[in-house]
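*Asks:* pasting the sequence and the predicted coordinates here, then a few questions.
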Amino acid sequence: MKQLSNLRRSLLIAGLLALRITATLAQSAQGIDQATSEVQSYVDPIANLIIAIGAVVGLIGGIRVYIKWQSGDQDTQKALMGWFGACLFLILVGVVIRAFFG
């Protein structure tokens, strides 16, 4: 009789523990969902900002390369590739961020 009482008590404790773990996991899932939606709300403005910075870098680079070209500098191709690479990198980062987090 005492073993049956101990078994019931053990089952009751195990059941309550399982319910508590389930409630805790549900709260964790709600927190993760909230964090995900908050991060997704920042993705579009940040991606747009990075793309805009890439466009400005491209314009500045184009002007600087044009000035070098007009002055007869021999490093025009090197400067062009450097500025174009920086502009392309920034634009691609903006697109990849939007694709990854959006």
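*Replies:* That came in fine, so what should we check first? Numbering: from 1, shown residues only.
*Asks:* show me what contacts residue 98?
*Replies:* 43, 44, 47 (CB atoms under 8 Å, 6 or more residues apart in numbering). For every residue, glycine as well, the C-beta is placed using N, CA and C.
*Asks:* secondary structure element for it, which one?
*Replies:* Using DSSP states H and E, residue 98 maps to helix 76-101.
*Asks:* how far out from the middle of the chain is that helix?
*Replies:* In terms of CA atoms, centre = their mean, to the nearest Å, the centre of helix 76-101 is set 18 Å apart from its chain centre.
*Asks:* buried residues, stretch 61-71. List them.
*Replies:* Going by neighbour count (16 or more other CB atoms under 10 Å), the buried part of stretch 61-71 is 61, 65, 68.
*Asks:* who touches the second one in this structure?
*Replies:* By CB under 8 Å, 6+ apart, the contact list for residue 65 reads 76, 79, 80, 83.
*Asks:* next, it: phi, psi?
*Replies:* phi -70, psi -40 (degrees, to the nearest 10).
*Asks:* distance check, it against residue 58.
*Replies:* Distance of residue 65 to residue 58, computed by CB to CB, to the nearest Å: 10 Å.
*Asks:* overlap in contacts, the two.
*Replies:* With CB under 8 Å, 6+ apart as the test, residue 65 and residue 58 both reach residue 83.
*Asks:* which of the buried residues of stretch 61-71 sits closest to residue 96?
*Replies:* residue 61 (20.9 Å; CB to CB).
*Asks:* mind pulling up the pLDDT for the closest residue to that closest one other than its chain neighbours?
*Replies:* Of all residues not flanking residue 61 in the chain, residue 83 sits nearest, at 2.7 Å (CB to CB, 6 or more residues apart in numbering). pLDDT for residue 83: 86.
*Asks:* quick one: contacts for residue 83?
*Replies:* Residue 83 touches 57, 58, 60, 61, 62, 64, 65, counting by CB under 8 Å, 6+ apart.
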